[in-house]
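Colleague: model the structure of this input:
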Amino acid sequence: MKIGKASILILVIVISAVAVLCTDVEYCRATLNKFRSYEELKGFVKCRSYDSWRAPNVASLLDGRLSYQTKQSLDDYSMTNVQVEGVDEADIVKTDGEFAYVISGEKVVIVKAYPAEEAVVLSKIAVNGTMKQLFINEERMIVFYETSSRSDPETFINMYDMSNRENPILKRDVSVDGRYFTSRMIGDYIYVVVRKAASLIEGEVALPEIHLENECKAISATEVYHSDFKDYHYMFTTILAVNMREDAEEPTYQTVLSGLTTSVYVSIENIYLTMSHWDKTFLHRIHVDNSEILYVADGEVPGRVLNQFSMDEHEGYFRIATTLNRRNNVYVLNTDLEITGRLENIAPKETIHSARFMGKTCYLVTFQKIDPFFVIDLSNPYRPEILGELKITGYSDYLHLYDENHVIGVGKETIPENGDFSWHQGVKISFFDVTDRSNPEEMAKYVIGDRGSDSPVLRDHKAFLSDREKNLLVLPVSVTERDESEAPPYIYGGTVWQGAYVFTISLMLEEKIVLKGTVTHIENGDVHNASNHIQRAFYIGNILYTVSSNRIKMNLLSNLTEINELNLNEYEEAT
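Modeller: Residues are numbered from 1 along each chain as shown. As a prediction, this is how the structure comes out:
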C-alpha cells in the first residue's frame with residue numbers, strides 16, 4: 001500500500017511539473033511556442049546560436065499552379081504560370097488583357113499593350129531600391145522592392161490606384177524590416193513573406209518593425225513564435241497580410257524565429273514554411289483566411305526539400321518529397337503535420353531534380369547518370385507506392401501538367417560517361433505520356449543547343465508559357481554551340497543566341513513538339529547584353545508579346561510576323 005501511495009505521489013509530482021512547464025508557453029503541444037518576454041528571446045538567440053561558427057552570407061542566401069488560366073477582356077490572354085489554381089504569384093511581368101506591367105531595372109513600366117499596333121508606354125514608377133515583383137488586381141497594383149542596404153535591409157510594399165494608368169496614385173506605403181522572400185495573392189489579400197537575420201548587436205536583438213504611413217509598429221517579443229531546435233543561424237520570418245481594396249484596414253502579421261526559411265508552399269487556406277536543418281526539414285502550417293493569420297501545426301520529415309513544387313496539399317493531406325543522403329522520399333502528413341504514410345529510399349545515389357503533384361499522383365524526377373521519371377500513387381495516404389518508372393537520358397528541372405494524362409518536362413539532355421555520372425548538354429523538352437501509370441513513356445523530345453545552353457524556366461516556372469487550346473509552348477533560351485561537331489561532351493559551347501523558342505505542341509501532331517520559330521531582342525550580335533535577354537512571354541488574343549528589360553516585341557502567334565516593337569525607355573526619354 002505504501003508503495004502504491006508513493007507511486008501515486010510521484011505521478012502527481014510529474015504531472016504537476018509538466019503542467020508548470022506547459023504554462024511557460026502559450027502552445028505547449030507544438031514545438032513552436034511564444035516567448036514570454038524580451039529577455040527570454042534575447043537569451044534564446046544568445047544561447048542557441050553557434051557563436052563559434054562563421055555565419056553564412058545571409059544576403060546571398062536570401063537573394064538566391066498548374067496551367068495558364070484564361071479569361072476574357074478585350075480578348076483572351078495568358079496569366080502567370082502558377083502552382084496552385086486560385087493562388088496568384090507575384091512576377092516581374094503581368095498583363096490584364098489590355099495593359100502590361102513590366103519591371104525594368106529600378107522602375108515599373110506601364111504599357112498600353114492592346115491592340116498591338118497602338119502599343120505605347122503610358123507611365124513609369126521609379127523607386128530608390130531594388131525592384132522585386134508585382135501583382136495586379138483590377139485597378140490596383142502592388143509593387144515589392146528592397147532597400148539596397150546589406151546590413152539593415154527593408155522590404156517595401158507599395159499599393160497604387162491604377163484607374164488612370166497614365167498617372168498611378170500611391171495609396172498605401174507599408175514596409176517591413178528584412179528581405180523579401182516570396183508572396184501570394186488570394187482574392188483581395190496579398191500574403192508577403194519577409195526574412196530578417198536575428199543576431200545580437202551590442203548585446204541586444206533588433207526585432208522586426210512594420211512601418212505604416214504615419215506610424216511604426218514594433219513587433220514585440222511576446223508576439224514571436226520560436227522553434228525549439230538549434231540551428232547555425234536564426235531568422236525572423238514575418239508573414240504579412242494586406243488588403244488590396246480596403247486602404248483603412250491595417251495589415252496583420254505573424255512572426256516566427258527559426259532557422260532559415262528555405263521554401264514556401266501556399267494553398268488556398270494554408271501557408272507552409274520549411275526550414276531545412278542537417279538531415280531534417282521542419283514544417284510549419286499557418287492558416288490564412290483574409291486578414292486572419294493563425295499558426296496551427298508543425299512537424300518534421302527526414303531529408304531536405306528542393307523547392308515549392310516538392311510540396312502539395314490535397315483533400316486534407318500534405319505531401320512532400322525530400323532527399324536524404326542521396327536517397328529520395330515521399331511523405332504524406334495529416335493536418336497536424338504528423339506522418340501518415342511514407343515511401344523511402346527511392347532511386348538510391350540520386351537526387352531529386354523536380355517534382356509535381358496532381359491529385360492523387362506524384363511525378364518525380366531523380367538524376368545521377370540517367371533520368372528515372374517516377375509515377376507514384378498517393379490514393380492511399382497511409383501507403384504511397386511507385387506505379388511506374390521510366391529511365392531516359394537527361395533530366396527535367398521543371399514539370400508542367402499538360403493534362404491528366406500528359407506531362408511536359410524542361411531540363412537538360414545528358415551524355416552518360418564511364419562511372420556514375422553524365423555530362424549535361426543542351427536544354428531538353430520532354431513530353432511524357434502517363435496514360436498507363438505503370439508504364440510512362442517519353443513520346444517526344446526536343447533539344448536546344450549544346451552544353452552550356454540555358455533557360456530561366458529551369459529555375460523559375462513563371463518564365464514558362466503554355467496554352468493547350470492554342471497548342472502553344474514558349475521558352476526563353478540562351479543557346480550555345482561548340483566550334484567542333486566532334487568535340488567531347490564536357491566541352492562548353494559559346495553563346496551564339498538568346499531569345500524565345502516558340503513551339504507548336506499537340507497530341508495530334510506526329511512529332512508532338514514542332515518548332516514554329518524564334519524571337520530575339522538581341523541587337524548587332526551582342527548576345528551578352530542582358531538588358532536585351534527575353535525573360536518572359538505572354539499572349540493577348542492572337543499576339544505573342546516577348547519581354548526583356550529594354551523592350552517588348554509583338555508577333556503574330558500564327559506565323560511570328562512582327563507587328564510592333566516598343567522601347568521601354570522611350571517614355572523616360574520623352575520626359
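Colleague: quick check: residue 381 is in a helix.
Modeller: No. Under the criterion used here (DSSP: H, G, I helix; E, B strand; the rest coil), residue 381 is coil, not part of a helix.
Colleague: which residues touch whatever helix or strand residue 183 lives in?
Modeller: Using DSSP states H and E, residue 183 falls within strand 179-186. Here strand 179-186 makes contact (CB atoms under 8 Å, 6 or more residues apart in numbering) with 59, 62-63, 86-90, 132-133, 135, 137, 142, 144-146, 153, 155, 190-196, 237, 244, 261, 264, 266, 268, 271, 288. (Each C-beta comes from the backbone N, C-alpha and C, glycine too.)
Colleague: so what strands line up beside that strand?
Modeller: strand 88-89 (antiparallel), strand 189-198 (antiparallel) (DSSP bridges).
Colleague: with respect to burial, which of those scores highest?
Modeller: Most buried of these, by mean neighbour count (mean count of other CB atoms under 10 Å): strand 189-198, with a mean of 24.
Colleague: determine how far that strand lies from the middle of the whole chain.
Modeller: 14 Å (CA atoms, centre = their mean, to the nearest Å).
Colleague: same check, this time on stretch 116-128
Modeller: Worked out by CA atoms, centre = their mean, stretch 116-128 lies 27 Å from the chain centre.
Colleague: any idea of the mean pLDDT in it?
Modeller: In this model, stretch 116-128 carries a mean pLDDT of 96.
Colleague: how far does it stretch from one end to the other?
Modeller: One end of stretch 116-128 to the other measures 31 Å (CA to CA, to the nearest Å).
Colleague: try stretch 461-470
Modeller: This stretch, stretch 461-470, spans 19 Å end to end (CA to CA).
Colleague: partner strands of the host helix or strand of residue 301, with direction?
Modeller: Residue 301 belongs to strand 292-302 when assigned by DSSP H and E. Here strand 292-302 is paired, per DSSP bridges, with strand 280-289 (antiparallel).
Colleague: pLDDT averaged over the partner strand, what's the number?
Modeller: 95.
Colleague: cool, and stretch 93-107?
Modeller: 97.
Colleague: list the buried ones in it?
Modeller: Going by neighbour count (16 or more other CB atoms under 10 Å), the buried part of stretch 93-107 is 93-105, 107.
Colleague: quick one: distance of it to the chain centre.
Modeller: Put simply, stretch 93-107 sits 19 Å off its chain's centre (CA atoms, centre = their mean).
Colleague: first to last residue in that stretch, what's the distance?
Modeller: 12 Å.
Colleague: what do you get for stretch 196-209?
Modeller: 10 Å.
Colleague: quick one: the helices in this structure, in order.
Modeller: Counting by DSSP state H, one finds helices in the chain at the ranges 2-23, 38-48, 58-63, 570-574.
Colleague: where are the low-confidence patches of the protein?
Modeller: Within the chain, the ranges that satisfy pLDDT under 70 run 1-32, 48-75, 148-151, 229-232, 369-371, 419, 571-575.
Colleague: could you rerun that using 50?
Modeller: 1-30, 50-73, 573-575 (pLDDT under 50).
Colleague: closest to the centroid, which residue in it?
Modeller: residue 308 (5.6 Å; CA atoms, centre = their mean).
Colleague: hang on, residue 237 packs against residue 273?
Modeller: Yes. In this structure, residue 237 is within contact of residue 273 by CB atoms under 8 Å, at 6.3 Å.
Colleague: common neighbours of the two, please.
Modeller: Taking CB under 8 Å, 6+ apart as the contact criterion, the residues that touch both residue 237 and residue 273 are 193, 256, 258, 261.
Colleague: which one of those sits in the busiest neighbourhood?
Modeller: Using other CB atoms under 10 Å as the neighbour criterion, residue 258 leads those with 25 neighbours.
Colleague: verify the stated contact: that residue with residue 233.
Modeller: No. Judged on CB under 8 Å, residue 258 makes no contact with residue 233 at a distance of 10.3 Å.
Colleague: what ranges does the stretch 451-575 of the chain have for its strands?
Modeller: Taking DSSP state E, counting those that start in this stretch as the test, the strands found in the stretch 451-575 of the chain are 465-467, 472-481, 494-505, 513-519, 536-540, 543-547, 551-556, 562-567.
Colleague: mean neighbour count for those - can I get that in TSV?
Modeller: Below are the strands of the stretch 451-575 of the chain laid out as TSV (neighbours: other CB atoms under 10 Å):
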stretch	mean neighbour count
strand 465-467	20
strand 472-481	23
strand 494-505	20
strand 513-519	16
strand 536-540	25
strand 543-547	26
strand 551-556	22
strand 562-567	16
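Colleague: adding distance to residue 292, write those out as CSV.
Modeller: Shown next, in CSV, are the strands of the stretch 451-575 of the chain (distance: least, CB to CB, whole Å):
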stretch, distance to residue 292
strand 465-467, 35
strand 472-481, 38
strand 494-505, 42
strand 513-519, 45
strand 536-540, 33
strand 543-547, 36
strand 551-556, 39
strand 562-567, 42
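Colleague: of those strands, which approaches residue 278 most closely?
Modeller: strand 472-481 (35.6 Å; CB to CB).
Colleague: quick one: distance of that closest one to the chain centre.
Modeller: Relative to its chain's centre, strand 472-481 lies at 21 Å (CA atoms, centre = their mean).
Colleague: next: stretch 33-53.
Modeller: Centroid separation for stretch 33-53 versus its chain: 30 Å, with CA atoms, centre = their mean.
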